[in-house]
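Undergrad: Got a predicted structure plus its sequence, pasted below:
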Amino acid sequence: EPEVTQTPSHQVTQMGQEVILRCVPISNHLYFYWYRQILGQKVEFLVSFYNNEISEKSEIFDDQFSVERPDGSNFTLKIRSTKLEDSAMYFCASSAGTGGKTGELFFGEGSRLTVL
Amino acid sequence: SQQGEEDPQALSIQEGENATMNCSYKTSINNLQWYRQNSGRGLVHLILIRSNEREKHSGRLRVTLDTSKKSSSLLITASRAADTASYFCATDAVTGRRALTFGSGTRLQVQP
């Protein structure tokens, strides 16, 4: 069964360092997302990506964040200068998209980021 | 207030009992979805109910939607220890944010 894969599963970094989280969405999906979940809290939307550009972003997704689809398969989230409060589980998701309305999202297992 | 708030925050039941979780939201929606998350894992889609539907079933899951009250419920019948997880509702709003907005979840513990 097709699945969304994420790497690394866990990354520990020092405050101020750059981090890149990688995702391989399901191959025929058109919409890609990053969400994050601080431990024990709700799942928060960061950004959505369609047709090689950001289609929507939240207030969390500030200038320190960027996304890229460098080739036909990978979808990356970069945090330029990490802060302590960036420590969270980051989830990538993809969807086939159904008539412009958000359909079912398929999530990866997440990348746990710990900023020291 | 946030779109998609579940209650209760936590629920502990015995195996074989039914579990009911509720979700309230604030804006008009295209659809509402329920997801499950095992501890430390990714979210898994359970069921989607469209705004023109009132009830939907999938195996032991029953979802209802009341758009006049802006609320939904998820019923898991004959629960099993393996149902232990967090359950989140997520809304696809008609206006405003297009991406799914998740609630804060209900942590379900099913005691064997």
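TA: Thanks, I have it. Numbering: from 1, shown residues only, chains lettered A, B, ... in the order given.

Undergrad: now what about the host helix or strand of B:Ser72, what contacts it?
TA: Mapping B:Ser72 onto the secondary structure by DSSP states H and E places it in strand B:71-76. Contacts with strand B:71-76, where a contact means C-beta atoms under 8 Å, 6 or more residues apart in numbering or on different chains, come from B:18-25, B:32, B:34, B:46-47, B:49, B:60-66, B:83, B:87, B:89, B:108. (Glycine included, C-beta is placed from N, CA and C.)

Undergrad: Recalculate using a threshold of 6 Å.
TA: B:19-24, B:32, B:34, B:60, B:62-65, B:83, B:89 (C-beta atoms under 6 Å, 6 or more residues apart in numbering or on different chains).

Undergrad: For those residues, name the two members farthest from one another.
TA: B:Ser24 and B:Arg60 (23.3 Å; C-beta to C-beta).

Undergrad: Regarding stretch B:37-54, how distant is the last residue from the first?
TA: 25 Å (C-alpha to C-alpha, to the nearest Å).

Undergrad: make that stretch A:33-48, sorry
TA: End-to-end distance of stretch A:33-48: 4 Å, with C-alpha to C-alpha as the criterion.

Undergrad: quick one: that stretch near chain B?
TA: Yes - contact of stretch A:33-48 with chain B (C-beta under 6 Å from any C-beta of the partner chain) involves A:Lys42, A:Val43, A:Phe45, A:Ser48.

Undergrad: Quick check: closest non-adjacent residue to the first one.
TA: Going back to what we said before, that points to A:Lys42. Nearest residue to A:Lys42, sequence neighbours excluded (C-beta to C-beta, 6 or more residues apart in numbering or on different chains): B:Ser104, at 4.3 Å.

Undergrad: I'd assumed A:Gln41 was in contact with the one you found.
TA: No - applying C-beta atoms under 6 Å, one finds B:Ser104 not in contact with A:Gln41, separated by 7.2 Å.

Undergrad: mind checking how far A:Ser111 is from A:Ile79?
TA: As defined by C-beta to C-beta, to the nearest Å, A:Ser111 lies at a distance of 11 Å from A:Ile79.

Undergrad: typed the wrong thing, it's B:Cys23
TA: B:Cys23 sits 31 Å away from A:Ile79, taking C-beta to C-beta as the criterion.

Undergrad: Of these two, give the one with the bigger neighbour count.
TA: A count of neighbours by other C-beta atoms under 10 Å in any protein chain shown puts B:Cys23 above the other of B:Cys23 and A:Ile79, at 27 against 19.

Undergrad: where does that one land in three-state SS?
TA: Following DSSP: H, G, I helix; E, B strand; the rest coil, we place B:Cys23 in the strand state.
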